[in-house]
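Peer 1: How does the following fold in three dimensions:
(2 chains)
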Amino acid sequence: MKKLLIANRGEIAVRIIRAAKEMGIATVAVTSEADRDSNAARYADEAVVIGPAPAGLSYLNHDAVLAAAAQTDADAVHPGYGFLSENAAFARKVQEAGLIWVGPNPDSIDLMGDKARARRAAIEAGVPVLAGTDGVLDVSGDIEALADEIGYPLVVKASAGGGGRGIRRINSREEVRGTVEVAQAEALAAFNSSDVYFERFVTHARHVEVQVFGDGESWVHLGDRDCSMQRRQQKVIEEAPAPGLPDDLREQMRQTSVELARQTAYTGAGTVEFLYDPARQEIAFIEMNTRLQVEHPISEAITGIDLVREQLRIAAGERLGYTQEDIRLDGHAFEFRINAEDPDNNFMPSPGLIETLDLSGGPGVRADFGFSAGQTVVPFYDSLLGKLVVWDTDRERALARAARALDETLIEGIKSTVPLMRRLIALEEFRSASHHTTTIESASGL
Amino acid sequence: MSSQIIAPIPGIFYRRPAPDKDPFVEVGDTVEAGQTIGVIEIMKQFTEVRSEAAGVVASFDVEDLGMVGPGDVIATID
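Peer 2: All right, here's what the predicted structure looks like:
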């Protein structure tokens, strides 16, 4: 691998450029017209404007990205997260153009993108799943009896769904048929497939996940993370390792995640997501994400392993070179997602000129941002400005460090979620790790 | 008496619910009070733009996919 094209923007483009630069790999940033003066464009060796501001005409345009790769003689493409990262068709086009795709085999993307098939693969690997249908729901059968067996409430989910879309709750037998029909129609409209399946609904769940990594011949996990601090199914704060998880469940989650990666011959970075039901002391598979994730730095913090470097090494054909026993999990890390939103005005997006961006530093603090002071946050993309990551030897110390780092962080000119983060880390539920995925929405006075 | 439909927030104005769908309304169409005539996207959040008055769409003052600021006139209803 000599020259890497980064098919993304913002903090993740900067993150990837940094890893490549340290490995002696030349970099190409592709940007929209709105991002031509971005940090990614500045840090990369070359920058190519590939289209107008709307992502559909630039970052999501397969032909424009591939043309930029050809024009600059890039030999590899890293998609980051979002945009084209889990687009198997694009991954295949990259490979057909003779370029290295920095990501899993496109067949793995297809398999895990089909939630009903992914659930079946998980069952075969011994990963615990929620009570539900084995595969796609056969709507010509007695779906009421099936729903009775799972118990209420339950959810009907679009097989092709993702990101919280295509999910509907069923509270009673009377709602089964009608809700399934609506869910099928929605799934068809949104994902071009009417396939749906049933799953038991968990009221106060925690969202936990395992970072896995493989070279196609051997596989390891890099510990687990908790991503339960969410707002409208979007993660807000993540931490590693997941606090308060029973040891046997943690071990089962890690081992079966590695087994799922092994059985699907997975290559590169992947994340196996679970629900943890504290009331029942159960874990259950939700889905596997076939990309680098926003929250990867907290796994880097507790393992000392640079995940992007590993992705680039494996994509270039190298072997892992270490086993599970070589990986040491050490300390505790938090990640705070800093968005350009006004938490005091219903999270209204807040684009505009960043007048001040004074980021924290010091021991155990890392700031991954895609912006600098004097730049303008444009309204075309998601609101993530960057991430503040803190590490210390245990959870309590890491929380104290987080409070210090958030106090030092100063963003002016636009509204940001920094003040909300300061309030969230003071929440008793969060401090005692008894929070769940709807804690933020149900907490008063935030 | 005509009334104006004002952008409540800044962002990108869309006249269609999806790129391959028909526009919500066309000039000359009759609209009810509260009817959606477009959506504004800002940072991947979508807000519906509704007509406060019933009447006939006289004009659109913003192009499809055009940028709007808060207070900008989007359309006029007669």
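Peer 1: ok now do residue A:73, which residues does it touch?
Peer 2: Residue A:73 is in contact with residue A:3, counting by CB atoms under 8 Å, 6 or more residues apart in numbering or on different chains. All C-beta atoms are positioned from the backbone trio N, CA, C, and that covers glycine.
Peer 1: Could you measure from it over to residue A:99?
Peer 2: Remark: distance between residue A:73 and residue A:99 (CB to CB, to the nearest Å) = 10 Å.
Peer 1: tell me the domain ranges of chain A?
Peer 2: Annotated domains of chain A cover A:3-102, A:131-200, A:206-442 [automatic domain parsing].
Peer 1: Chain B against chain A: which residues are in contact?
Peer 2: B:9-12, B:19, B:41-45, B:65, B:67 (CB under 8 Å from any CB of the partner chain).
Peer 1: and residue A:168, what are its phi and psi?
Peer 2: Residue A:168 adopts backbone torsions of phi -130, psi 140, taken as degrees, to the nearest 10.
Peer 1: Excluding chain neighbours, what is closest to it?
Peer 2: Closest residue to residue A:168 apart from its sequence neighbours, by CB to CB, 6 or more residues apart in numbering or on different chains: residue A:183 at 4.8 Å.
Peer 1: shouldn't that neighbour be in contact with residue A:165?
Peer 2: No - Residue A:183 is not in contact with residue A:165 according to CB atoms under 8 Å; the separation is 11.1 Å.
Peer 1: Could you check which of the two is surrounded by more residues?
Peer 2: For the pair residue A:183 and residue A:165, the greater number of neighbours falls to residue A:183 (23 against 14), based on other CB atoms under 10 Å in any protein chain shown.
Peer 1: show me what contacts the more buried one?
Peer 2: Contacts for residue A:183 were tallied using CB under 8 Å, 6+ apart; they are A:156-158, A:166, A:168, A:196.
Peer 1: Under a three-state scheme, what state does it occupy?
Peer 2: Three-state assignment for residue A:183 (DSSP: H, G, I helix; E, B strand; the rest coil): helix.
Peer 1: about what we covered before: lowest mean pLDDT across the domains of chain A, which one is that?
Peer 2: Lowest mean pLDDT of the domains of chain A: domain A:131-200, a mean of 88.
Peer 1: element containing the residue nearest the centre of chain A, please.
Peer 2: Taking CA atoms, centre = their mean, the centroid of chain A lies closest to residue A:293, which sits 3.6 Å from it. Of the helices and strands defined by DSSP states H and E, none includes residue A:293.
Peer 1: Residue A:77 too?
Peer 2: Here residue A:77 is assigned to strand A:76-78, by DSSP H and E.
Peer 1: With residue B:48 instead?
Peer 2: Here residue B:48 is covered by strand B:45-50, with elements defined by DSSP H and E.
Peer 1: which residues are contacting that strand?
Peer 2: Residues outside strand B:45-50 that contact it (CB under 8 Å, 6+ apart) are A:349, B:5, B:7-9, B:11, B:13, B:34-41, B:74.
Peer 1: and which of the residues you listed is nearest residue A:267?
Peer 2: Closest approach between these and residue A:267, by CB to CB: residue B:41, at 35.4 Å.
Peer 1: Great, nothing more from me.
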